[in-house]
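Chemist: any chance you could fold what I've pasted below:
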Amino acid sequence: MGGSGQPEDSRSRGVDAHDARGVQIGDNNVQHNTYGPVVRSAYLAEVRRKAPARLLGREADLARLAAFCAGDGLDAYLRWEADPGSGMTALLSWFVLHPPPGVRVVSYLVVAGRSERENRDAYVDVVLEQLVELTDASMPGYLTGSTREAHLLGRYAEAAQACARRGERLVLVVDGLDQRRNASGIATLLPDHLVGGLRVVLATDTGWRTPADLPPRHPLREPSRARLLSPFVGPAEEARRRADQARRDDERGRWESERHSAADERRNAQQRVDQWRSAEAARTTPAARAAAVRRALVFVGGWTSALVLLACLASAWYDLRVAGILSAQIVAGGIGATLGLAPAAFRLGAAYAPAPRSPAAWCASPRAMVIRGGAALAAGWLAGAGAADYLDARDDRLLERALGLGGAVPSFEEAVAVIFLVLVALGCGAAGLHIARTAIGPWLDRHRAGEHEYRAATDAVTAAAEYEAQAAMAADAMSAKPADRARAYQEVLARLAGQGRRQPPR
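Modeler: Predicted coordinates:
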């Protein structure tokens, strides 16, 4: 019996009306109907003010968000990092307004300018209201500053389970956690006990750090790599970037063509250098030098012998002694030619290969041949006349001595003739030296020209390699690949540091 004298009804005991929209209480013919207010959140109106009219260029990011919301992986948190102005709020507000099928979104977008306490209180009010709406319940009564956060943490699980019973998944989206907006205190209110397939999408700045006052087993404490959101690029900016990229591609193609041309030029110059070095190595071997000296000696000896034979034939009819003196003078010329030809032939080595039987080896032109031939005939005539005078004076002196008319001292005429013959011999030696140097001159000139070409080819190799490296660096700088641009940057740093250029072949 109750205090009113009415029997107690055990059916009224133990009834949980926590999630009921209304309660009917009565006894016998007296009933009391009590209905709580139905919660309807209007936060989407605030989200629409921040959402763009059209979301451009974010198809891949939206697909990644949809895959995360529909996935069954162990990771229940997806954290995005973005720099200011990258378009993170536009992306998440669009996602909140256009969620994938089967996904219910509860969201909060941090407002700049509020204090950390104000952001924290606003988060509790906004998110709690949305969670209560998903459970079709009324707002808890008698909320205080000390109980509001506890009710919020409890409603996470209730809302997620209510969505799961309807075949939906609850996703909590929070944007703007950074120090700049004084919103880091919201992190401690994020759910740490995830049930019913609850997922959390969290957007922070690139410098955001996990607060130290998080619960010990909070999912944000687990090491994970945040995704970096690429900056938003509008249509005009995209068109400008495409135009710039096309220009850079054209410039890169031009530099690649320049690099290939420089590489071909370098290879050709290097081939000439290698050929010259091979020829130089073969030219300067001891065997090649000995063969060159032998050719020079054969060359001089052959022509000297021919001229001696010619002098003997020309003067033998008069006096064989004259032929002997002329031969001695020709030999003096041959010695001079040998002194002028043999050292040069030793230096030239295999590069010296004359034709000994050709007069052109001694004379550069027919005119020079005529002039030198005439000079040789005149010198031979004068030498023969001097030899004849010497012999006549000597014979006269010997005859006078035999007759006792003279002494052993040579006469003046004989002394003059001897001096003349010595001068002619010296002249023959000088003439031979001059002719030899004239004959070897073209060979030396060709060798000097080869050395000049070698130095020019070596300089061409260096210049082509340098230009090839510069062209490759410029082409890498114009590339769309970050690795190529990084290589160009490292090349610039290496050049500034004086570490030399890269090897030309790439």
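Chemist: where does this protein dip in pLDDT?
Modeler: Scanning the chain with the threshold set as pLDDT under 70 gives 1-37, 179-184, 314-326, 355-418, 420-421, 480, 495-496, 498-506.
Chemist: remind me, longest strand of it?
Modeler: strand 169-177 (DSSP state E).
Chemist: and that strand, what does it pack against?
Modeler: Here strand 169-177 is seen to pack against helix 59-70, helix 88-97, strand 103-109, helix 116-134, helix 148-165, strand 199-204 when contacts are counted using 3 or more C-beta pairs under 8 Å, 6 or more residues apart in numbering; DSSP states H and E. Yep, even glycine has a C-beta here, placed from its N, CA and C like the rest.
Chemist: all strands for the protein, in order.
Modeler: Remark: strands assigned in the chain by DSSP E are 22-27, 30-35, 77-81, 103-109, 169-177, 199-204, 227-228.
Chemist: distance of the closest residue to Thr285 other than its chain neighbours relative to Glu280?
Modeler: Distance criterion C-beta to C-beta, 6 or more residues apart in numbering; nearest residue to Thr285, sequence neighbours excluded, is Gly349 at 7.2 Å. For Gly349, the distance to Glu280 under the criterion C-beta to C-beta, to the nearest Å works out to 9 Å.
Chemist: swap in Val331?
Modeler: Distance of Val331 to Glu280, given as C-beta to C-beta: 36 Å.
Chemist: so what's the residue count around Arg166?
Modeler: Using other C-beta atoms under 10 Å, Arg166 is surrounded by 11 other residues.
Chemist: sorry, wrong one. I was asking about Pro84.
Modeler: Other residues within reach of Pro84 by the criterion other C-beta under 10 Å amount to 10.
Chemist: excluding chain neighbours, what is closest to it?
Modeler: Spatial nearest neighbour of Pro84, chain neighbours left out: Asp205 (7.1 Å); criterion: C-beta to C-beta, 6+ apart.
Chemist: hmm, the one you found is touching Glu81, no?
Modeler: Yes - between Asp205 and Glu81 there is a contact under C-beta atoms under 8 Å: 6.8 Å.
Chemist: for Val461, what are its contacts?
Modeler: If you count contacts by C-beta atoms under 8 Å, 6 or more residues apart in numbering, Val461 has them with Arg266, Ala269, Gln270, Val273.
Chemist: scratch that, Ala269
Modeler: By C-beta under 8 Å, 6+ apart, the residues touching Ala269 are Ala457, Thr458, Ala460, Val461, Ala464.
Chemist: and the gap between the last one and His260?
Modeler: Noted for Ala464: a distance of 11 Å to His260, by C-beta to C-beta.
Chemist: and for the fourth one?
Modeler: Counting by C-beta to C-beta, the gap from Val461 to His260 is 16 Å.
Chemist: can you check the third one too?
Modeler: From Ala460 across to His260, the span is 16 Å (C-beta to C-beta).
Chemist: the more surrounded of these two?
Modeler: Neighbour totals were compared for Ala460 and His260, and Ala460 leads with 18 against 12 (other C-beta under 10 Å).
Chemist: surely that one and Ala262 touch.
Modeler: No - counting by C-beta under 8 Å, Ala262 is not a contact partner of Ala460; they are 10.3 Å apart.
Chemist: quick revisit: in terms of neighbours, single out the busier of Gly349 and Glu280.
Modeler: With neighbours defined as other C-beta under 10 Å, Gly349 and Glu280 compare such that Gly349 has more, 21 against 16.
Chemist: tabulate the strands of the chain (a markdown table), appending mean neighbour count and distance to Asp61.
Modeler: As requested, the strands of the chain are arranged in a markdown table below (neighbours: other C-beta atoms under 10 Å; distance: least, C-beta to C-beta, whole Å):
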| stretch | mean neighbour count | distance to Asp61 |
| --- | --- | --- |
| strand 22-27 | 12 | 44 |
| strand 30-35 | 9 | 44 |
| strand 77-81 | 20 | 9 |
| strand 103-109 | 22 | 16 |
| strand 169-177 | 24 | 13 |
| strand 199-204 | 23 | 11 |
| strand 227-228 | 13 | 9 |
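Chemist: redo those strands as a markdown table? Include distance to Ala212.
Modeler: As requested, the strands of the chain are exported to a markdown table (distance: least, C-beta to C-beta, whole Å):
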| stretch | distance to Ala212 |
| --- | --- |
| strand 22-27 | 45 |
| strand 30-35 | 45 |
| strand 77-81 | 17 |
| strand 103-109 | 22 |
| strand 169-177 | 15 |
| strand 199-204 | 16 |
| strand 227-228 | 24 |
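Chemist: for Arg448, which of those is the nearest?
Modeler: With C-beta to C-beta as the measure, strand 227-228 is the member of the strands of the chain nearest Arg448 (65.6 Å).
Chemist: partner strands of the closest one and their direction?
Modeler: Its sheet considered, strand 227-228 pairs with strand 77-81 (parallel) by DSSP bridges.
Chemist: now what about the strand it pairs with, what contacts it?
Modeler: Contacts to strand 77-81, defined as C-beta under 8 Å, 6+ apart, come from residues 65, 68, 88, 199-206, 208, 219-220, 224, 226-229.
Chemist: ok, now stretch 280-299?
Modeler: For stretch 280-299, contacts defined as C-beta under 8 Å, 6+ apart pick out 338, 341-342, 344-346, 348-354, 356, 361, 454.
Chemist: switch the cut-off to 7 Å
Modeler: Stretch 280-299 is touched from outside by Thr338, Leu341, Ala342, Ala345, Phe346, Leu348, Gly349, Ala350, Ala351, Tyr352, Pro354, Pro356, with contacts defined as C-beta atoms under 7 Å, 6 or more residues apart in numbering.
Chemist: now for these: which two are most distant?
Modeler: Thr338 and Ala350 (19.9 Å).
Chemist: of those two, who's got more company?
Modeler: Relative neighbour count places Thr338 above the other of Thr338 and Ala350, with 22 against 16, counting by other C-beta under 10 Å.
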